[in-house]
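Student: need the 3D shape of this:
(chains A and B)
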Protein chains: 2
Amino acid sequence: MATAYYSDTNGVPKDGDGRVTHLGLRAGELAPRVVSVGSLSRAQRLRDLMDSVSLSLTSPRGFTTYTGTVAGVAVSVVATGMGAPMMDFCVREARQIVDGPMVFVRLGSCGGLSPEATPGTVVLNTPGSVYVSRNPDAFAGGEGGSTPAYTIARPVAPDPRLCAHVCVALRAALGDRVVEGLNASADSFYAAQGRCDEHFDDRNSTVVPEVLAKHPDACSMEMESFALLHLAACSLGTIRACTAAIVAANRHSAAVITTELLHETERVGGRAVLNAVASFGLYL
Amino acid sequence: MATAYYSDTNGVPKDGDGRVTHLGLRAGELAPRVVSVGSLSRAQRLRDLMDSVSLSLTSPRGFTTYTGTVAGVAVSVVATGMGAPMMDFCVREARQIVDGPMVFVRLGSCGGLSPEATPGTVVLNTPGSVYVSRNPDAFAGGEGGSTPAYTIARPVAPDPRLCAHVCVALRAALGDRVVEGLNASADSFYAAQGRCDEHFDDRNSTVVPEVLAKHPDACSMEMESFALLHLAACSLGTIRACTAAIVAANRHSAAVITTELLHETERVGGRAVLNAVASFGLYL
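Tutor: Presented below is the predicted three-dimensional model:
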């Protein structure tokens, strides 16, 4: 018999087994408390800190989920991969298969924009995140000439109660290696983050200075946090979220994290985030 | 000894081995002729159609590359995953490790926007692609009130010589299952593609009708093709690109492709695209 690839192409498609198409999960397989990371290796490091893991699943579209318990409370760790669209898949398909209030905390990696955001610090985005996106019409010539090459969307804040709870846990674990500050998510790793590449017409040499001029409290830059905070803000009150990221490199000093410090910070910061997510009071 | 995680954080970072950070490849491992697909399973199906494969590599960040030969000519197949930022990684890091002119042809999957774009047809984007993106400021209340919720960026065209060459190959393989028409890439699978989900404030019920009103020749909708065409247009003449996608579902009829037809179309269309890429005259 022929098998339909999926159903409900105008809503949130699921396969015949009730699994959301891209995460590959169905109801009961994801906890209402989610720690979202980018890379699979970080997800594996966090998995190893859980009490027990009852589900490990890598979907055909590249999402890996570990569901288990932390201090006896159900928690999931999801590796989303990279880019705002991947975070969008994660939040929307998660919301589709979990009933009731949800909590998402992201522990990503980022570039440090402020001097104190040195490699190995963790930037907690207490003021939230802005979004930097490229305007392709500015590059097309002709009528697009008056469009700026990059736009900075306004900040979206985290849930203040959740963010304060995560802050206490991160500070207890990492002390003054925690920096609180605004994040700037970008729609790419390269152009919208001001990385220069002579092979392309990018007009991006001023994009980071413009972010800092508009938002002097900007501490970090990455690609996914804004999407999480924006979707939580649009979730009709059902999703609380906050975001933090390990500084992999400082954009001013060009200092880069060592592999050893990255892994240590993933373990120590990851344990703090897992415990904070497990102990957070979950209600609407 | 401590190991730096990567170098050159303000340009295109590479590891100590000369590998670009996200694709995981170094010079000599990627052909100047690239077929880009989204999913790993499609990449594997295309790999199986090559004469020989000299390199198979899955990077820690989720990109899979197969480099080998087609009719004796070096070709690479790259599975980029999903979303415009992933295509951006692919094109920029590929350009960084290959000298001279490059060709990229995407064989993706898409939703059909026009009646003839039925499941199992292949939409070749001869007129190129527009880009549909969400404006988060429109959802923030206050001063953002006059911002439209979604923006449609102007079309970017493919390389006409390359597109004509691919068209001949696809038509020879698939006959009237080839549809030529404009694509609309979106910044997400859900909101910007007009998929409705009661769990979120999306204000997106009119986004697909608006695309069709502005561009009556729009045939397909997906997430990655615009990024490829836009980057090729910004590559200072060094990258030629065109895009095609297998229709997985028609958005009007809600007809969905069968798994069997999807795989057959990947094989037949994939062979046509591989042969077209291998036989294309590569010069600046």
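Student: which pLDDT value does the model give residue A:16?
Tutor: Note on residue A:16: pLDDT of 84.
Student: scratch that, residue A:7 is what I was asking about
Tutor: Looking at residue A:7, the pLDDT reads 72.
Student: could you do residue A:213 as well?
Tutor: 98.
Student: which SS state does it fall under?
Tutor: helix (DSSP: H, G, I helix; E, B strand; the rest coil).
Student: check contacts around it.
Tutor: Residue A:213 sits next to no residue when contact means Cβ atoms under 8 Å, 6 or more residues apart in numbering or on different chains. For the C-beta atoms, the positions are set from N, CA and C on the backbone; glycine is no exception.
Student: okay, now the sheet partners of whichever helix or strand residue A:56 is part of, with direction.
Tutor: Residue A:56 is part of strand A:52-58 when elements are defined by DSSP states H and E. Here strand A:52-58 is paired, per DSSP bridges, with strand A:64-70 (antiparallel).
Student: CA atoms of the strand holding residue A:56 as CSV?
Tutor: Only the C-alpha atoms of strand A:52-58 are listed here, as CSV (Å, rounded to 0.1, in the frame of the first residue of the first chain):
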residue,chain,number,x,y,z
SER,A,52,18.2,8.5,33.9
VAL,A,53,17.3,8.6,30.2
SER,A,54,14.1,6.9,29.0
LEU,A,55,14.2,8.1,25.4
SER,A,56,17.0,8.9,22.9
LEU,A,57,15.9,9.8,19.4
THR,A,58,17.6,11.3,16.4
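Student: poorly predicted segments of the stretch 51-200 of chain A, please.
Tutor: Residue ranges of the stretch 51-200 of chain A with pLDDT under 70: A:142-145.
Student: spell out which parts of it neighbour chain B.
Tutor: Where the stretch 51-200 of chain A comes near chain B, counting by Cβ under 8 Å from any Cβ of the partner chain, the residues are A:60-62, A:81-86, A:88-89, A:92, A:95-96, A:111, A:131, A:133, A:135-137, A:139-140, A:143-144, A:153-154, A:156, A:187-191, A:194-197, A:199-200.
Student: out of the residues you listed, name the ones that lie in strands.
Tutor: Assigned to strands by DSSP state E, the following of these qualify: A:111, A:131, A:133, A:153-154, A:156.
Student: determine which two of the residues you listed are furthest apart.
Tutor: Taking Cβ to Cβ, the two most distant members of those are A:111 and A:154; they sit 21.1 Å apart.
Student: mind exporting the helix of greatest length in chain A as CSV, just the C-alpha atoms?
Tutor: When chain A is parsed with DSSP state H, its longest helix is helix A:259-279. Extracted in CSV, the C-alpha atoms of helix A:259-279 (Å, rounded to 0.1, in the frame of the first residue of the first chain):
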residue,chain,number,x,y,z
THR,A,259,38.2,22.7,23.7
GLU,A,260,38.9,21.7,27.4
LEU,A,261,37.3,24.9,28.8
LEU,A,262,34.3,24.5,26.4
HIS,A,263,33.6,21.0,27.7
GLU,A,264,34.1,22.0,31.3
THR,A,265,31.7,24.9,30.9
GLU,A,266,29.2,22.7,29.2
ARG,A,267,29.3,20.3,32.1
VAL,A,268,29.2,22.9,34.9
GLY,A,269,26.8,25.3,33.2
GLY,A,270,24.8,22.4,31.9
ARG,A,271,24.3,20.9,35.3
ALA,A,272,23.2,24.2,36.7
VAL,A,273,20.7,24.7,33.9
LEU,A,274,19.3,21.2,34.2
ASN,A,275,18.8,21.6,37.9
ALA,A,276,17.2,25.0,37.4
VAL,A,277,14.8,23.7,34.8
ALA,A,278,13.8,20.7,37.0
SER,A,279,13.2,22.8,40.1
